[in-house]
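K.L.:
quick one: sequence plus predicted model below, questions after.
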Amino acid sequence: MSYGSSSFVPPSHMSSDPFRGSSLYNSSPFMERLKEYSSKAEDIMDSVSQPIRPYIPVLGRFLIVVTFLEDALRIMTQWGDQSMYLNKYRSMPYFIAHTFLFINVVTMLIASTFVLLRRFPEISIGSLLFVIVFQGIGYGLITDFNFFLRNLSVIGGLLMVFSDSLANQRKNLFAGLPSISETDKRIYFQLAGRVLLIFLFLGFVLQGEWNFFRVAVSVLGLGACIMVAVGFKARWSAMFLVLLLSILNIVVNNFWTVHSALPQRDFLRYDFFQTLSIVGGLLLLVNMGPGGLSMDERKKVT
């Protein structure tokens, strides 16, 4: 992304590219050529995405919470079936089951609204993290390996929201002097979010039958995920993953083609909206510039 000229130079530990300081990276002709091609690709994608760039943070936040909004709507429209399942298969008394569902719906709706409004980030994101664990225990899915991996990726998206929210909480006590400790805190949360986002592809690799399509998608996806996790061309890799996951989500989790009476429809819809949330976390990563700074924050610093 082109940010224009600036006298602000991030410290070395804030660099989004951990290989930049090595002599191998600087001297290798292959790495120099790769750096040149990737820079050109970033410039092209930046120019193409210019019209929608101001809306990326809002869209990313909405996609991250959309799985919670959909889940709240599904519980309300299937209240009887949900309470019957909890009573029959999870041995919950009906009063406990109704209380469990009520807590989930209220928490998801209120916390998701606050995330969209950028209000009370610690409370809202903490509440959504609580819902993930609470539902896993309540529905008995906490030991399901695929459920565990996918929810780790959703948690990664929530950490990306929290990292982005820290920019709005910065206290400008000394104008023109960025808070190093606050920036470091953002980088740590962003790093944790980037690493957790990988687990979606690990779940995709480990489930289902192997074929050429799965192998190709797994290799490309895992390669891009590793680049995102280590911070090597993280924005370029995140853009690629947004495109790949969006196409894969429509092809694999096409719940609208399944009859509404079949249980498979709910599982596909659940996976569809969870993947949208992970795409939202990647969009927030796309919005990040060098040193983990968002575009809005970068403009303020420069």
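P.N.:
Arrived safely.

K.L.:
ok, residues contacting the helix or strand where His98 lies?
P.N.:
Under the criterion of DSSP states H and E, His98 resides in helix 94-117. For helix 94-117, contacts defined as CB atoms under 8 Å, 6 or more residues apart in numbering pick out 58, 61-62, 64-65, 68-69, 71-72, 75-76, 79, 82-83, 86-87, 90, 92, 120-121, 123-125, 127-128, 130-131, 134-135, 138, 161. (C-beta placed from N, C-alpha, C; glycine too.)

K.L.:
then stretch 62-73?
P.N.:
Stretch 62-73 is contacted from outside by 104-105, 108-109, 111-112, 115-116, 128, 131, 154, 157-158, 160-161, 269-270, 273-274, 276-277, 279-281, 283-284, using CB under 8 Å, 6+ apart.

K.L.:
and the residue nearest to Arg265 when sequence neighbours are not counted, what does it touch?
P.N.:
The shortest distance from Arg265 to any non-neighbouring residue, by CB to CB, 6 or more residues apart in numbering, is to Val258 (4.2 Å). Residues in contact with Val258 (CB under 8 Å, 6+ apart) are Gln264, Arg265, Leu268.

K.L.:
got a pLDDT number for Val258?
P.N.:
In this model, Val258 is scored at 87, pLDDT.

K.L.:
from Gly80, how far off is it?
P.N.:
Val258 sits 21 Å away from Gly80, taking CB to CB, to the nearest Å as the criterion.

K.L.:
state the mean pLDDT of stretch 101-115.
P.N.:
Here the average pLDDT along stretch 101-115 is 95.

K.L.:
distance from the chain centre to it, please.
P.N.:
When distances are taken as CA atoms, centre = their mean, to the nearest Å, stretch 101-115 is centred 19 Å away from the chain's centroid.

K.L.:
how about stretch 154-162?
P.N.:
Centroid displacement of stretch 154-162 relative to its chain, using CA atoms, centre = their mean, is 5 Å.

K.L.:
pull out the buried positions in that stretch.
P.N.:
Neighbour-count burial for stretch 154-162, counted by 16 or more other CB atoms under 10 Å, picks out Val154, Ile155, Gly156, Gly157, Leu158, Leu159, Met160, Val161, Phe162.

K.L.:
contact partners of it?
P.N.:
So stretch 154-162 is in contact with 60-61, 64, 67, 115, 121-122, 125, 128-129, 132, 189-190, 192-199, 274, 277-278, 280-282, 284-285, going by CB under 8 Å, 6+ apart.

K.L.:
measure stretch 195-215 end to end?
P.N.:
21 Å (CA to CA, to the nearest Å).

K.L.:
now which of the contacts of stretch 154-162 would you call buried?
P.N.:
Taking 16+ other CB under 10 Å as the criterion, what is buried in the contacts of stretch 154-162 is 60-61, 64, 67, 115, 121, 125, 128-129, 132, 189-190, 192-199, 274, 277-278, 280-282, 284-285.
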